[in-house]
Every structure is written in C-alpha cells, then in structure tokens.
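# Could you look at this predicted model? Sequence included:
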Amino acid sequence: MATSCTPRRTTENYDPKILIEKIREISFLKIVPLKLAHFEKALSLSQEYRLDLEDAIHLAVAIENKCKGIYSNDKDFDKTLLTRQFR
C-alpha cells in the first residue's frame, strides 16, 4: 500500500473565507457572471474544438470578454484561439 507525503486538503485546514479573500486580491482578475448565452455558445465550441462542456464554458466566457489567454494546466486549450498560460 502506497502512502503520500503530501498533506490532503481537508475542511480542518481549509478556510473558504480565506480562499475568497485571496481571490479578491488578484488585481488582474475579473469575475463575470455566467449567462445562458455562455452555455449555448459552449455547445458549439465543444464540438468545434472537441472540448468537454466545462472547458467550452470557460472558452465561451473568455471569448465574450475578449480574453487572449487563459491560465490553465489543461492542454485542451492549446487547440483553441486562447494562449494557454500555466504557472
């Protein structure tokens, strides 16, 4: 049986309030609401780029907001018009 040295994230060491606070501190981050139109556009984008629905929703929102890049470790975005950044 293998064991991991990495601590697991649990509710005991995870505070959602701190996470939200940290997200709000990201100066270049713009949070936008999802609209029904995003889901509708995602359906065609998922077929065009062969993305799963979740990735296609992200792409639809990014396109509407004129984003040129996306921060993701998901290589599926490499086949889209966005430049994928990974950190």
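Done, it's in.

# where exactly do the helices run in the chain?
Listed in chain order, the helices of the chain (DSSP state H) span 16-24, 36-49, 53-64.

# Single out the most deeply packed of these.
helix 53-64 (a mean of 18; mean count of other C-beta atoms under 10 Å). Backbone N, C-alpha and C define where each C-beta goes, glycine included.

# Any chance you could spot the residue sitting in the middle of this structure?
For the chain, residue 58 is the residue whose C-alpha lies nearest the centre (C-alpha atoms, centre = their mean; 6.0 Å).

# hmm, back to that, same list (the helices of the chain) but as a markdown table, adding distance to residue 73 and mean pLDDT.
Shown next, in a markdown table, are the helices of the chain (distance: least, C-beta to C-beta, whole Å; pLDDT from 0 to 100):
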| stretch | distance to residue 73 | mean pLDDT |
| --- | --- | --- |
| helix 16-24 | 18 | 91 |
| helix 36-49 | 17 | 97 |
| helix 53-64 | 12 | 96 |
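
# Which of the ones you listed sits closest to residue 82?
Ranking the helices of the chain by their distance to residue 82 (criterion: C-beta to C-beta) puts helix 53-64 first, at 5.9 Å.

# How far off centre is the closest one?
Centroid separation for helix 53-64 versus its chain: 9 Å, with C-alpha atoms, centre = their mean, to the nearest Å.

# Return the list of helices and strands in contact with it.
helix 36-49, strand 69-71 (3 or more C-beta pairs under 8 Å, 6 or more residues apart in numbering; DSSP states H and E).

# out of these, which comes closest to residue 14?
When those are compared (using C-beta to C-beta), the closest one is strand 69-71, at 21.1 Å.
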